[in-house]
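>>> Sequence and predicted structure are below.
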Amino acid sequence: MSRPEPLSLQSCVSAQPGPTLRLSVIVPFGPDEIEGAALLEQLQALPRDSEIVLARVEGHSLPVEPEPDENGVATLVCAGPAGRARQMNVGAQVARGRWLWFLHADSCLQSRTLTALDAFLAEDQEGLGYFDLRFRDDGPRLAHFNAIGANLRARWLGMPFGDQGFVLPAPWFDRLGGYDETATGGEDHLLVWCARAAGLPLRRIGAPLASSARKYARQGWGRTTLRNLCLTALQAWSQWRRMRKDTIA
């Protein structure tokens, strides 16, 4: 997997060297992203041994203005090449947390999300954690069935996706090679298969994490669902064959 070059600290805001923290929350922002303010406000409820890393696209500004960290959680802003995988990899490179939590800018924390996350981290057991997906009411009602399907797929087939909020130890993220920057989509799905092949357990955290359903409204529910299913099936078949081949060898 291709990884970006190390990011200079001069490209970051508030990216001063410091002690290792417990948790780094990494949020990538695409060039056309309009959300993030609500999520940043909710993340201020994190404990002080946490940080928020906002990864924007080079040449583009953030749609939100990070708050000073005088009384809240420290916020870092870094820039990288366009592409969600690239941005998340860049964010992980400057993160100081022992654990990395990858969220989308349109994620919305529910009442039990942070409580369940704290319990998960307190166990301090290696694994790739994920939440139960919910869709907000900003798209077609049929999107709620997509959320049900995603949760069943994660639990029965071991295939959670990125909008379920991956949480994993930073050393394991490096060992897995980060997100695949060569993939045209489904980089989160590919990371899960890498984790499975490397023996990192998938662990359901058991609390909801909401995400926007606006892509289903913008691109059409049927078209978006079919495209996601096809991409998932193609990637899963390819990765399963590779794992089987490695097992036989």
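Perfect, thanks for sending it.
>>> and the longest strand for this protein?
In the chain, taking DSSP state E as the definition, the longest strand is strand 202-211.
>>> So what's the gap between that strand and the chain middle?
Its chain's C-alpha centre and that of strand 202-211 lie 12 Å apart, by CA atoms, centre = their mean, to the nearest Å.
>>> what packs against the helix or strand following that strand?
Next helix or strand after strand 202-211 toward the C-terminus (DSSP states H and E): helix 214-219. When contacts are defined as 3 or more CB pairs under 8 Å, 6 or more residues apart in numbering; DSSP states H and E, helix 214-219 packs onto helix 221-248. Where you see a C-beta, it was placed from the backbone N, CA and C, and this is true even at glycine.
>>> Could the C-alpha coordinates of stretch 181-188 be exported in CSV?
Output of stretch 181-188 as CSV, limited to C-alpha atoms (Å, rounded to 0.1, in the frame of the first residue of the first chain):
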residue,chain,number,x,y,z
GLU,A,181,-4.3,5.0,-1.4
THR,A,182,-4.4,3.2,-4.7
ALA,A,183,-8.1,2.1,-4.2
THR,A,184,-10.7,4.0,-6.1
GLY,A,185,-13.2,3.3,-3.3
GLY,A,186,-13.8,1.0,-0.4
GLU,A,187,-10.4,1.7,1.3
ASP,A,188,-12.1,1.1,4.7
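>>> average model confidence for it?
Stretch 181-188 carries an average pLDDT of 84.
>>> Could you list the buried residues of that stretch?
181, 183, 186-188 (16 or more other CB atoms under 10 Å).
>>> which of these lies closest to Cys108?
Nearest to Cys108 among those is Asp188, at 18.0 Å by CB to CB.
>>> contacts for the one helix or strand that closest one maps to?
In this assignment (DSSP H and E), Asp188 forms part of helix 187-198. The contact list for helix 187-198, computed with CB atoms under 8 Å, 6 or more residues apart in numbering, reads 84-85, 102, 128, 158-163, 166, 168, 172, 175-181, 183, 202, 231-232, 235-236, 239, 242-243, 246.
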